[in-house]
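Chemist: the amino acid sequence is not available; the structure is as follows:
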């Protein structure tokens, strides 16, 4: 069986379910996701799917949580974050973030010793941003997004909505690339410039649905989404590079 992984879009949908914004409860969403990803190995039999495959323990914890108690410890956040494809979540790294690197932006756990869904979304964002940005730049960007960490109402954009938006954008572009081997970036002369323009245009179109054109925050929100999306692509290309390196070394040893 392959290692169970979630796309960022799937994780974003789970975060939205935690906030009560999805069409399903978190438990129902995870059950459906699990069956979809493991169903082929069990012949589509739901019972067999649960018997033959080991569900991540964090899923079981979530299903047992009270619907009004969706807050998470760092261990639980790392367990969830580790399921996201092309990430390198470790408890040590996340502890360093909240204690040092982005301490002033995350602040203390909002619910006892547990962190809110918005705080978890910010940690997922940091994991993506650190691929392309240094922590000084990440702090500046987070300062722009959350403004006052003690007041969720003055956020540039809600962290969960931000994560959902750039995750959807990445999945959309990546799906087009996978489905069409002849995928073209149009008439642009340079590939990188073409990719930048496409991401910017799509980010603009996505936020225009809920942000008025004259909103002074619109450009900053769009640029934040562009930065995050490009960072995810950076992680994706780094992963490809590591795979090619591993394959090259492995094949050399066989000769």
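Modeler: Good, I have the coordinates. From a predicted model like this one, the values you see are computed outputs, not experimental measurements.
Chemist: how about the contacts made by the residue lying closest to residue 26 once chain neighbours are set aside?
Modeler: In this structure, residue 26 finds its nearest non-sequential neighbour in residue 17, 4.5 Å apart by Cβ to Cβ, 6 or more residues apart in numbering. Backbone N, C-alpha and C define where each C-beta goes, glycine included. Residue 17 sits next to 24-26, 29 when contact means Cβ atoms under 8 Å, 6 or more residues apart in numbering.
Chemist: ok, residue 33 to residue 27 distance?
Modeler: Relative to residue 27, residue 33 is positioned 11 Å away (Cβ to Cβ, to the nearest Å).
Chemist: tell me the one among the contacts of residue 17 nearest to residue 154.
Modeler: Distance ranking of the contacts of residue 17 against residue 154, using Cβ to Cβ, places residue 26 first at 27.3 Å.
Chemist: the closest one: neighbour count?
Modeler: The number of residues packed around residue 26, counting by other Cβ atoms under 10 Å, is 22.
Chemist: kindly report the same for residue 197.
Modeler: Burial measure for residue 197: 14 neighbouring residues, criterion other Cβ under 10 Å.
Chemist: same thing with residue 33?
Modeler: What residue 33 shows, counting by other Cβ under 10 Å, is a neighbour count of 17.
Chemist: not counting its neighbours along the chain, what's nearest it?
Modeler: Spatial nearest neighbour of residue 33, excluding adjacent residues (Cβ to Cβ, 6+ apart): residue 10 at 6.3 Å.
Chemist: how much space between the closest residue to residue 8 other than its chain neighbours and residue 107?
Modeler: Closest residue in space to residue 8, ignoring its immediate chain neighbours: residue 167 at 3.6 Å, by Cβ to Cβ, 6+ apart. Using Cβ to Cβ, residue 167 is found at 24 Å from residue 107.
Chemist: those two - which one has more neighbours?
Modeler: With neighbours defined as other Cβ under 10 Å, residue 167 and residue 107 compare such that residue 167 has more, 24 against 15.
Chemist: so what does that one have for phi and psi?
Modeler: Backbone torsions for residue 167, taken as degrees, to the nearest 10, come to phi -70, psi -40.
Chemist: check residue 6 too.
Modeler: Backbone torsions for residue 6, taken as degrees, to the nearest 10, come to phi -120, psi 140.
Chemist: what about it, how many neighbours?
Modeler: Residue 6 has 21 neighbouring residues, counting by other Cβ under 10 Å.
Chemist: which strand residues bridge it?
Modeler: Beta bridges link residue 6 to residue 84, judged by DSSP bridges.
Chemist: in this structure it contacts residue 85, no?
Modeler: Yes: contact status for residue 6 versus residue 85: in contact at 6.9 Å, counting by Cβ atoms under 8 Å.
Chemist: before we move on, the earlier item: which of the contacts of residue 17 are buried?
Modeler: Those of the contacts of residue 17 that meet the buried threshold are 26, 29, by 16 or more other Cβ atoms under 10 Å.
Chemist: ok, so of the contacts of residue 17, who is nearest residue 125?
Modeler: residue 26 (19.9 Å).
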